[in-house]
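> pasting the sequence and the predicted coordinates here, then a few questions.
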Amino acid sequence: MMNFIPFLTRPPLVPVIRLAGTIGTGRTALSDAGLASLIEKAFKMKPAAVALVINSPGGSAVQSSLIAARVRRLADDKGVKVHAFVEDVAASGGYWLACAADDIWVDDSSLVGSIGVIFASFGFPELLAKQGVERRVVTAGKSKSFADPFLPQKPEDVDRLRALQTPIHQAFIAHVKARRGNRLADADLFNADIWVGQGAVDLGLADGVAHLVPKLKVLYGDKVKLVPLGQKRGLLARFGLNLAEDALASVEERALWARYGL
């Protein structure tokens, strides 16, 4: 009814987008395609600001970049400030997302950083040999068996992997520098280290220790209206279908979280 009474002032409205989980193209992961409508909806609500609640150990560099770019594009087009609030962790791609905000707020125990790139796999050549299994590979193009987990690791494969990682790492660094600017301390922040709470603030990776509700009340008044927005689970997920895919995704996700003791 208030919308139809011109002399009543609407309280400031802040949509709160929850970005929790790993980042990638899997059905349960955070992705640009999966979040696009949610982010667009937040900025169409004529908000006083938009808040991001981030709890992510990272994942795909490309999806992190696409999501962050979408947030920035809409924020700049609408002239709306974005505030990020970190829960347990904003590491790697999770920190990439946090840097889409105009300011970043952490808990005393939040883990922040890991500005780096990782490639991880397993190798099974000795296991195969013990089982009497012979690996046979025929390729057209010498690079088709690149980083084959069933063959011994080759120095040239390691060199190639590092060459692939370097431009991704440089893009990550450029994004952090562009967003954080002169707030960053003159220190080596880009070697994939992580920091806790106030330590991240001291280095300029975050702006302070604060929690969502009290901080937004300080910024926009006690009457600020927070509207939570989150990804909806698909019909298959709600009925527990695609169990094999979910189990595999869960193992990969747990491995990412486990790097931070979570």
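Happy to help now that I have it.
> tell me where the stretch 1-150 of the chain has helices.
32-44, 61-78, 93-98, 125-130 (DSSP state H, counting those that start in this stretch).
> got the CA positions of the third one in CSV?
Output of helix 93-98 as CSV, limited to C-alpha atoms (Å, rounded to 0.1, in the frame of the first residue of the first chain):
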residue,chain,number,x,y,z
GLY,A,93,37.5,-17.5,-6.8
GLY,A,94,35.6,-16.6,-3.7
TYR,A,95,37.8,-13.6,-3.2
TRP,A,96,37.5,-12.7,-6.9
LEU,A,97,33.7,-12.4,-6.3
ALA,A,98,34.3,-10.3,-3.1
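> that older thread, any chance of TSV for the helices of the stretch 1-150 of the chain, columns mean neighbour count and distance to Asp188?
Backbone N, C-alpha and C define where each C-beta goes, glycine included. Shown next, in TSV, are the helices of the stretch 1-150 of the chain (neighbours: other C-beta atoms under 10 Å; distance: least, C-beta to C-beta, whole Å):
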stretch	mean neighbour count	distance to Asp188
helix 32-44	17	30
helix 61-78	18	20
helix 93-98	29	16
helix 125-130	11	36
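> Leu216 is nearest to which of the ones you listed?
helix 32-44 (14.1 Å; C-beta to C-beta).
> quick one: residues in contact with the closest one.
Residues from elsewhere that reach helix 32-44, judged by C-beta atoms under 8 Å, 6 or more residues apart in numbering: 15, 17, 19, 50, 63, 66-67, 70-71, 74-75, 77-78, 80, 229-231.
> give me the local confidence score for the residue nearest to Leu52 when sequence neighbours are not counted.
In space, and not counting its chain neighbours, Leu52 is closest to Ala84: 4.5 Å by C-beta to C-beta, 6 or more residues apart in numbering. Per-residue pLDDT puts Ala84 at 98.
> neighbours of Ala84, how many?
The local packing of Ala84 (other C-beta atoms under 10 Å) involves 27 other residues.
> close enough to count as contact, it and Ser110?
No - at 10.9 Å, Ala84 and Ser110 do not qualify as touching, with contact defined as C-beta atoms under 8 Å.
> any common contacting residues for the two?
Taking C-beta under 8 Å, 6+ apart as the criterion, Ala84 and Ser110 both touch Ala90.
> break down the stretch 51-200 of the chain into its strands, ranges please.
With DSSP state E, counting those that start in this stretch, the ranges of strands along the stretch 51-200 of the chain come out as 81-91, 103-106, 111-113, 194-196.
> please save the CA atoms from stretch 10-19 in CSV.
What follows is stretch 10-19, C-alpha atoms only, in CSV (Å, rounded to 0.1, in the frame of the first residue of the first chain):
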residue,chain,number,x,y,z
ARG,A,10,9.9,3.9,1.6
PRO,A,11,12.6,2.5,3.8
PRO,A,12,16.0,1.9,2.1
LEU,A,13,16.0,-1.5,0.4
VAL,A,14,19.0,-3.7,0.1
PRO,A,15,18.8,-7.1,-1.7
VAL,A,16,21.2,-9.7,-0.1
ILE,A,17,22.6,-12.1,-2.7
ARG,A,18,24.0,-15.3,-1.1
LEU,A,19,27.0,-16.7,-2.9
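> which other residues reach that stretch?
Contacts of stretch 10-19 (C-beta under 8 Å, 6+ apart): 2-3, 30, 35, 38-39, 41-42, 45-56, 67, 94, 97, 212, 216, 220-221, 223-231.
> for stretch 210-217, same thing?
Outside of stretch 210-217, the residues within contact range by C-beta under 8 Å, 6+ apart are Val14, Val16, Ala49, Ala51, Val53, His83, Phe85, Trp105, Val106, Asp107, Val224, Leu226.
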